[in-house]
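>>> sequence first, predicted coordinates after that:
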Amino acid sequence: MENITSYISTHKQRFIDELIELLRMPSVSADPAYSEDVLNTAEAVKAALEKAGCDHAEICETPGYPIVYAEKMINANLPTVLVYGHYDVQPPDPVELWDSPPFEPVIKTTELHPEGAIFARGACDDKGQMYMHVKALEYMVANNTLPCNVKFMIEGEEEVGSESLGWFLERNREKLANDVILISDTGMISKETPSITTGLRGLSYVEVEVTGPNRDLHSGLYGGAVANPINILSKMIASLQDQDNHITIPGFYDKVQELSREERDEMAKAPFSLEGYKKALDIEDVYGEKGYVTNERNSIRPTLDVNGIWGGYTGEGAKTVIPSKAYAKISMRLVPDQDWEEITRLFKDHFESIAPAGVKVKVKPHHGGYPYVTPIDSDGYRAASKAYEQTFGKTPVPQRSGGSIPIVSLFEKELKSKTILMGFGLDSDAIHSPNEHYGIWNYLKGIETIPYFYKYFTELSS
C-alpha cells in the first residue's frame, strides 16, 4: 500500500471535483420541499459506489427516505467491514449568514486550512467524510489491495433521527452481517493530534407548546390580566436549570455514570487551549455546570439546551399583542447509563407539572438515542489506532465526544457489532451552522488512512 499517497496525488483534483458535485445536491431531509433532491442524492451515491468497485449496489426502499446498500465481497472466510454514513444534510438556515450560497460549494483558504477548505452544507457532516470511504475503496480495488469484504449502508434520514433505520436493520440482519462497523461522522482534536472517538452522548429531543387565551390579544387591554404564553414559557425554561447550571428535572441524574477522578485526569491530558477555544467562538468566558471543566461539560455530562423559541409578532415594526401560543424546541444530551425514553418521560411529566393554571402545555417528543462507549481493547480500535499511527506518525488520543449518533447503540442491539468512529473533521468546521466547511487536507488524509484500517483489522482478526 506504499503507493496510496501517489494515487491520491494523481487523482486529487478528481476527488475534490466529485465531492463538490455531491455537495451541490441539496439533500435536506427535514424539509419536504427538498424530497426530490434527497432521492437524487441517493442515486448519485449508488452510482459512485458502483464506479468505485462495488460488485452490487442498490437503492433500498424504507418507510422514509431510501438507504443505499452496496458490497464488495471477495471471500466469505475473510472479515467483513460495514461502512455507515449518511447522504442527507441539515437545513442551511439562516441562509443570510452564509458568506457564500450553501449549495454552491467554494474552496477558500483559512488560517487552519492554508491548503483550502470546501465551504458548503454537508461538507463535513457527512458527505465529505462519507465520500472518503468511497474513494478509499476505489483505491483498494484499483490496486488490488482490498484485504477483506466491505459493505456500505448510506442512509438519508440521519439528520431527522434515522426514523427508518431500525425498520431496515430488523429486516436485513443477514444482509448487513459484519465483524465491525466503521463510521466517519465525528472529528479529531486537531490536524497535529489525531484522536478516535470512544464515546457518544445520547439524545432526547422534544418540542413544547404553551397555549394561553384562545386568540392573540391587545396587550394594552389585556396585559397584566391574563397569562402571556411567551413570558410563561421563558420562566418555565429558565427553571429547568439552577444557579449552578444543574438540571432540575426530578430523577434526571439518577442513572448518570460518574467517571472516577483517575478517568477525568486521563481525559485532561488531551491537548486543549481554553483561550483558543474562547477566541474561536468570540466569547469572553465559558459557561456550564459547576464542578466540571469545559471538556467534561461537553462530553461526559448531560445537558439541556433550547434549540429554538418562537411566538407572537416578530415582523418589522411594532405590534402590541399578547400571543395565544408560544413554542420551543429543546434537546437533552445524555450520558451512560441514561435511557432517552425515560428522560423524555421525566421531562414531559416535570414540564407539565410546573405550568401555571392560566396556560395549557403540550410536550411532543421528536426523536432520541442512547449513549455509547466503544472499548479500546478491541481489534477494531487497535486497527484504527495503527492506521492513524501509519499516516499521522503518532498514536491517536481516545476521546469522548459531546455529539450524538443514536444509531450506534442501535447497531450493537440489532447487528451485535462494535462500532469504530474514525472522524477527520475539526470542531471549527461549523457543522449544523452557516459556513460549514471541510478541509481538503482532512478529506485527503481520511482517504489515505482508511485503507490501513482494513489492512490492520484483517491482520488482527486472522
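All right, it came through fine.
>>> residues in contact with stretch 426-439: which ones?
With Cβ atoms under 8 Å, 6 or more residues apart in numbering as the test, stretch 426-439 has contacts from 90, 92, 94-95, 97-100, 102, 108, 110, 112-113, 115-125, 128-129, 187-188, 190-191, 280, 425, 442. Every residue, glycine included, has its C-beta placed from N, CA and C.
>>> what about those residues, which are in helices?
129, 280, 442 (DSSP state H).
>>> flag the least confident of those residues.
Ranked by pLDDT, these bottom out at residue 280, which scores 88.
>>> now for the nearest residue to that one once chain neighbours are set aside, how many residues are close by?
Using Cβ to Cβ, 6 or more residues apart in numbering and skipping residues adjacent in sequence, the residue nearest residue 280 is residue 428, 5.9 Å away. By other Cβ atoms under 10 Å, the residues close to residue 428 number 18.
>>> quick one: low-confidence ranges for the protein?
For the chain, applying pLDDT under 70 flags the ranges 1-2.
>>> and the helices in it, which stretches?
Counting by DSSP H, the helices of the chain are 4-23, 35-52, 129-142, 165-171, 219-222, 229-238, 261-267, 274-281, 294-297, 340-353, 379-392, 407-415, 440-461.
>>> please check the contacts of stretch 426-439 and keep the buried ones.
Among the contacts of stretch 426-439, those classed as buried by 16 or more other Cβ atoms under 10 Å are 90, 92, 98, 102, 112-113, 116-125, 128-129, 187-188, 425, 442.
>>> before we move on, the earlier item: the residue nearest to residue 280 and residue 459: what is the separation?
35 Å (Cβ to Cβ, to the nearest Å).
>>> with residue 327 instead?
Distance from residue 327 to residue 459, by Cβ to Cβ: 54 Å.
>>> would you map the strands across the stretch 101-250 of the chain?
Here the stretch 101-250 of the chain has its strands, by DSSP state E, counting those that start in this stretch, at 106-108, 117-119, 149-155, 180-183, 195-200, 202-211, 217-218.
>>> send the alpha carbons of the fifth one over as PDB?
What it means is strand 195-200. What follows is strand 195-200, C-alpha atoms only, in PDB (Å, rounded to 0.1, in the frame of the first residue of the first chain):
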ATOM      1  CA  SER A 195      -8.000  11.200  18.000                       C
ATOM      2  CA  ILE A 196     -10.500   8.400  17.900                       C
ATOM      3  CA  THR A 197     -14.000   9.000  19.400                       C
ATOM      4  CA  THR A 198     -14.700   6.400  22.100                       C
ATOM      5  CA  GLY A 199     -17.900   7.800  23.500                       C
ATOM      6  CA  LEU A 200     -21.000   9.500  22.200                       C
END
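>>> what's in contact with that strand?
For strand 195-200, contacts defined as Cβ under 8 Å, 6+ apart pick out 186-189, 270, 299-300, 336, 371-374, 376, 381, 384-385, 388, 396-401, 403-405, 408, 420-423.
>>> with stretch 222-231 instead?
Against stretch 222-231 from outside (Cβ under 8 Å, 6+ apart): 210-213, 217, 311-312, 322-326, 356, 358-359.
>>> hmm, 6 Å instead?
Residues from elsewhere that reach stretch 222-231, judged by Cβ atoms under 6 Å, 6 or more residues apart in numbering: 210, 212, 213, 311, 312, 322, 323, 325, 326, 358, 359.
>>> how far away from the center of its chain is it?
39 Å (Cα atoms, centre = their mean, to the nearest Å).
>>> around residue 337, how many other residues sit close by?
Other residues within reach of residue 337, judged by other Cβ under 10 Å, total 13.
>>> repeat for residue 313
12.
>>> same question, the one 4 residues further on
With neighbours defined by other Cβ under 10 Å, the count for residue 317 comes to 5.
>>> ok, residue 147 next?
So residue 147, with other Cβ under 10 Å, has 21 neighbours.
>>> who touches the residue lying closest to it once chain neighbours are set aside in this structure?
Nearest residue to residue 147, sequence neighbours excluded (Cβ to Cβ, 6+ apart): residue 458, at 4.1 Å. Going by Cβ under 6 Å, 6+ apart, residue 458 touches 79, 147, 148.
>>> doesn't residue 452 make contact with the second one?
If I follow you right, that is residue 147. No: judged on Cβ atoms under 6 Å, residue 147 makes no contact with residue 452 at a distance of 10.3 Å.
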